[in-house]
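Enquirer: One predicted model, sequence on top.
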Amino acid sequence: MILELVHIDVLPDHHEQFEQDLATAAATVLPQARGFVEFTPAGWCVERPDVYVFTIGWETLEDHTQGFRDSALFEQWRALIGPHFAQPPVVEHYAR
């Protein structure tokens, strides 16, 4: 399994709506993606309160980088959570 670790700088005053939209996206969009395994919200950073972290488990790296990111599902995902980004997310992949 590949673990995608995501750091997102969220716009000030968007915290509550971001969490709601992220929960919706995680419950409705991700389960439709080929290779999706799990979504785990980690929460807000203590030192940098506008930074939110979560992980997404994928069966393979390609399930995320090619299958999901090149799909209409990714567009739905980004439409829900993208308006809350202060800057592009930092995404890293880890072998598990």
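Expert: Nice, I can see it. Because the structure is a prediction, the values reported are computed rather than measured.

Enquirer: Only C-alpha atoms from now on, for both contacts and neighbour counts.
Expert: Noted.

Enquirer: the helices in this structure, which residues?
Expert: 15-28, 61-62, 72-81 (DSSP state H).

Enquirer: Remind me what the longest one packs against, helices and strands.
Expert: Contacts defined by 3 or more CA pairs under 8 Å, 6 or more residues apart in numbering; DSSP states H and E place helix 15-28 against helix 72-81.

Enquirer: how about the helix it packs on: buried residues?
Expert: Neighbour counts over helix 72-81 (16 or more other CA atoms under 10 Å) mark Leu73, Phe74, Trp77, Arg78, Leu80, Ile81 as buried.

Enquirer: Roughly how far does the nearest residue to Ala26 once chain neighbours are set aside sit from Pro12?
Expert: Leaving aside its sequence neighbours, Ala26 sits nearest to Phe39 (CA to CA, 6 or more residues apart in numbering; 6.7 Å). Distance, Phe39 to Pro12, using CA to CA, to the nearest Å: 24 Å.

Enquirer: Quick one: closest of the helices of the chain to Ala95.
Expert: Nearest of those to Ala95, taken as CA to CA: helix 61-62 at 8.9 Å.

Enquirer: Bridged to the residue nearest to Ala26, which residues?
Expert: Counting by DSSP bridges, Phe39 forms beta bridges with Ile56.

Enquirer: tell me the mean pLDDT for stretch 18-29?
Expert: In this model, stretch 18-29 has an average pLDDT of 98.

Enquirer: Show me the shaky parts of this structure.
Expert: Along the chain, no part satisfies pLDDT under 70.
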